[in-house]
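J.: got a predicted structure plus its sequence, pasted below:
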Amino acid sequence: MSVTPTIRIQEAPFDLAVETAALTAGREDVGGLASFLGLCRADDGLSALVLEHYPGMTERAIAAIAGEACLRWPLTGCTVVHRVGRLPPGAPIVLVLTASSHRAAALESCAFLIDWLKTRAPFWKREEFADGRERWVAAKAEDDEAAARWDRA
Amino acid sequence: MRVLYFAWVRQKVGRAEEEVAPPAEVRDVAGLVAWLAAQSPGHAAAFANARTIRAAVNQEFATPDQAVGPGDEVAFFPPVTGG
């Protein structure tokens, strides 16, 4: 049975329990579910992160990444929810859920999805500080390296 | 041709999007960057270091040699930082 990933970009918070239940409700073939929950970290007096994205391309890019995950691992379901707008420290930013009959596929595909999302989905973060400063977050070489470990020769 | 700008590229250009009609000799992303950079001081500032800018053509990541033409949607932005 082919998997239709759930992909949402939204300002509103998301509910991990609700999203998890949606991947398991009414089925008995799910043996494991892996999750990654990304949070807004308060570095250096940060007062908020402001997330911007490219509507249209974002959904396409995440769908392509999720499609690749479904080719590489036998998933029973997958969910990506990414928030945009102004988020305070501690707020959830991104949720990746992967479900499979076996744990290895769920765990590996979850790591793959967040690694590729960070380098291939068109989101940008701007940091706002309590003293009024603001700056755009720069892309990190370590994120490129994390994404590259999933490259295939 | 519709051109979109995001993040600090948008701030430097001073607008989020615009309709442009570059001359026929503008055939690829690199040519479009060079032409746009001459349109205003804001554009020039945004494209001053083209190596720091990424592009998409019709919502797919694109390289400088990718062809562009009338009717295309071309976007310019910094390297992505989501997740």
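T.: Arrived safely.

J.: now A:Thr6: closest residue in space, sequence neighbours ignored.
T.: A:Thr79 (4.3 Å; CB to CB, 6 or more residues apart in numbering or on different chains). For glycine as for every other residue, the C-beta is placed from the backbone atoms N, C-alpha and C.

J.: repeat for B:Ala7
T.: Residue nearest to B:Ala7 in three dimensions, not counting chain neighbours: A:Trp124, with 3.8 Å by CB to CB, 6+ apart.

J.: tell me the pLDDT of that neighbour.
T.: Predicted confidence (pLDDT) for A:Trp124: 98.

J.: just A:Ala153 next, same as before
T.: Note for A:Ala153: predicted pLDDT of 60.

J.: can you name the helix or strand that the residue of chain B found nearest chain A falls in?
T.: For chain B and chain A, the shortest gap (CB to the nearest CB) falls at B:Gly82, measuring 2.6 Å. B:Gly82 belongs to no helix or strand when assigned by DSSP states H and E.

J.: dump the residue contacts of it.
T.: Applying CB atoms under 8 Å, 6 or more residues apart in numbering or on different chains, we find B:Gly82 in contact with A:51, A:53, A:82, A:94, A:117-118, A:121-125.

J.: quick one: which of those is nearest A:Glu108?
T.: Within the contacts of B:Gly82, the smallest distance to A:Glu108 is 14.8 Å, found for A:Leu117 (CB to CB).

J.: whichever strand or helix holds that closest one and chain B in contact?
T.: Using DSSP H and E, the element containing A:Leu117 is helix A:103-120. Yes. Counting by CB under 8 Å from any CB of the partner chain, chain B has neighbours in helix A:103-120: A:114, A:117-120.
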